[in-house]
Structures are given as structure tokens and as C-alpha cells.
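Task: produce atomic coordinates for the following.
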Amino acid sequence: MNPDYRTGLWRLADPKISITSAASMAIGAGMAAGHPGFSWPWLLVLGIAMFCMEVAKNAWGEVYDYDSGTDLRVRPEDRTDFSGGKRVMVDELLTRQQTWGIAIGFTLGGLALGAVMVFFREPALFWVGVVGLVVGWSYHGPPLQLVYRGLGELAVVICYGPLIALATYMLMTHSFGTGVIWLSLPLGILIAAFLWVNQFPDYEADRASDKRNLVVVLGKERAAIALPLIYATAFLMLVILPLLIEVSPLVWLGLLAIPPAVLASYWTLADPQTFHRHKPVQPMALITFVVYSIGTTIGAAVG
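Prediction:
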């Protein structure tokens, strides 16, 4: 295998890309813990399918962000490990044909595993998968290109909150659960907050390419003010959930994610223009949703 191709494939398939989907799967699995139908092998199948779709989404997203000029316009000083794209075409590691080949190959792999789950485990997953595929494609892909129209954040809330968690729960229990939807909704919001801070370093490039995500629409100053409000919404939802639905108060363990969220918000407010150059806001935003997922998963499973 060509060294450049191998490096490019690794960038697209870096295991950390699955952290978001794994966080949502964990909540679905936690809510299903103790159910007689719970199956670790089927959970592994779902995890591999989600990984395939994450790689595919990264690959086709690279093509559309390259074509729009977004990735080409990101300045070296604004590149981070969490933003600026995977840059496999910008750095000439992969050709357009190779990138599309990876996108198609991993999509087919994910769809094949999805078919196995639908036909041999839970037929109702078909509809959840269809919604996930449409929204996932439409994040970058035409005709909707949600991330270019200020709707990418909403797509992230839906997919990485209720959609993946519900799919996991249904795969484990053969049933539809409203509790898992409500518990995973704050997670979707926290992952959208992670996306939110990742858009700051790309602000100039996105604006020049007419990629109108909400940070571009609001501007950095107002987007920085919105960040703690986004976090407050997610944590307030978690606080009131055990009072409204049948879920253990132990899910309040997810509130352990408040300190990194506060730190990320403080640093962003203090320097909305260049925080990414000297403060680990993006890792803190990642830690926030991971801790939320771990805490609520343990709380749901034990409770």
C-alpha cells in the first residue's frame, strides 16, 4: 500500500472519530442493561457499522469541503487536531477518486452490517437506519448540505443524541423506548457544543466559502456567549429528567461533566478570536460529552 494512501486512510479512519457515536451507543446500552435480550456480540456489530459510516462520512465530507474551498482556506496557525478537516486532499495524500473509493467502500460495509442487523435481529432498525443515512449524507452532501445552511448543529443533535442511542436500545431490547431518547438528547446537545467550538478555528475559511454554520452566522463574539447557554440547556435537561420520566436519579452522575464545560466556556468567552491557539478548549468540550455519557450510562445501568 502506498505510504501516502495509508496515511490518508488512517486520517479518515482514526479510531477517535467513533468517540461521538460510541458515547451515544453507551447510553442506549446503559438503558438496556439487564434486559434479557441484551447482546454484546450484536452491540459489537453495531459499533463496527457505526465506525464504517463515520469513515464514509469523513471521506465524502472531505470532497465537498475541498470543492467549496473551505479546507484550502484554513490558515496553518488555525489548524488543530479537531478542526480544519482531515486534509487528505489538501495535503495530497489521497486523490479525489481514492477518497470517493473509501467513502463508497465503507458506506457499503456499514450498509451490509445494517442489513444483517435488520434481517437477523431487529427489522424496525431499517427506518432508524434510513433516517440516519439521509441525515448523515445531507450534513455535507447535496442537495441539502445542512452544514452550509446553518442546520449542521441540529443534525448533530439528532444523530449523535437520540438516533444512535435509540438504535442501540432497539437492537438490545426489540422495543422502542422514550426514556432513552430523552436521556440522550442532552448528549446530542453536548456533542453539538463540541462541534460549536471546533467551528471557531475554521471561522474565516468557512465564511469565505459561504459555509454558513451557526458560528459564522452569529459571529465569534455572539457564538462565544451562546456556548455556556448551550451547556446550561443540556445540564438543566438532565437535572429535570428523573422528575419527569422513569429513569434513576443516578443519571445525575452525568453532571460530573459540568467542570470541563465551565472551563471550555470560560476560555472561549475570554478569547473568542484565538482561544484555539493557546487553550485546550476543544479537548475540554470533548471531555465534557464523554464524561456525560459515562456518568449517565453508569447511572442508567445501575439504577
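
the helices in the stretch 201-303 of the chain, which residues?
If DSSP state H, counting those that start in this stretch is used as the criterion, the helices of the stretch 201-303 of the chain fall at 203-208, 214-218, 220-244, 258-270, 281-302.

closest one to residue 175 among the ones you listed?
Closest of the helices of the stretch 201-303 of the chain to residue 175 is helix 281-302, at 15.4 Å (criterion: Cβ to Cβ). C-betas here are computed from N, CA, C, even on glycine.

Could you list the buried residues of that closest one?
Neighbour counts over helix 281-302 (16 or more other Cβ atoms under 10 Å) mark 281-301 as buried.

Next: stretch 193-213.
For stretch 193-213, by 16+ other Cβ under 10 Å, it's 193-203, 205-207, 209, 211-213.

End to end on that stretch, go ahead and measure it.
Criterion Cα to Cα, to the nearest Å; first-to-last residue distance in stretch 193-213 is 13 Å.

same deal with stretch 196-214?
8 Å.

gap between that stretch and the chain center?
Offset of stretch 196-214 from its chain centre (Cα atoms, centre = their mean, to the nearest Å): 17 Å.

For it, which outside residues touch it?
Stretch 196-214 has contacts (Cβ atoms under 8 Å, 6 or more residues apart in numbering) with 65, 68-75, 78-80, 82-84, 147-150, 152-153, 215-216, 220, 223, 226-227, 230, 264, 268, 272, 275-276, 281-282, 285.

Mind giving me the PyMOL select for the residues you listed, buried ones only?
Burial among the contacts of stretch 196-214 is assessed by 16+ other Cβ under 10 Å; the matching PyMOL selection reads:
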select buried, resi 65+68+70+71+72+73+74+78+79+80+82+83+84+147+148+150+152+153+215+216+220+223+226+227+230+264+268+272+275+276+281+282+285
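
Surely residue 138 and residue 149 touch.
No - at 9.8 Å, residue 138 does not count as touching residue 149 under the criterion of Cβ atoms under 8 Å.

To residue 118, which of the helices of the stretch 201-303 of the chain lies closest?
Per Cβ to Cβ, nearest to residue 118 of the helices of the stretch 201-303 of the chain: helix 281-302, 25.1 Å.

by contact count, what packs against the closest one?
Using 3 or more Cβ pairs under 8 Å, 6 or more residues apart in numbering; DSSP states H and E, the elements in contact with helix 281-302 are helix 19-32, helix 178-198, helix 220-244, helix 258-270.

my guess is residue 49 meets residue 108, correct?
No - using Cβ under 8 Å, residue 49 is not in contact with residue 108, being 11.3 Å away.

which of these two has more neighbours?
residue 49 (22 against 12; other Cβ atoms under 10 Å).

Chain neighbours aside, what residue packs nearest to that one?
Excluding the flanking residues, the one nearest residue 49 by Cβ to Cβ, 6 or more residues apart in numbering is residue 113, at 3.8 Å.

That'll do, ta.
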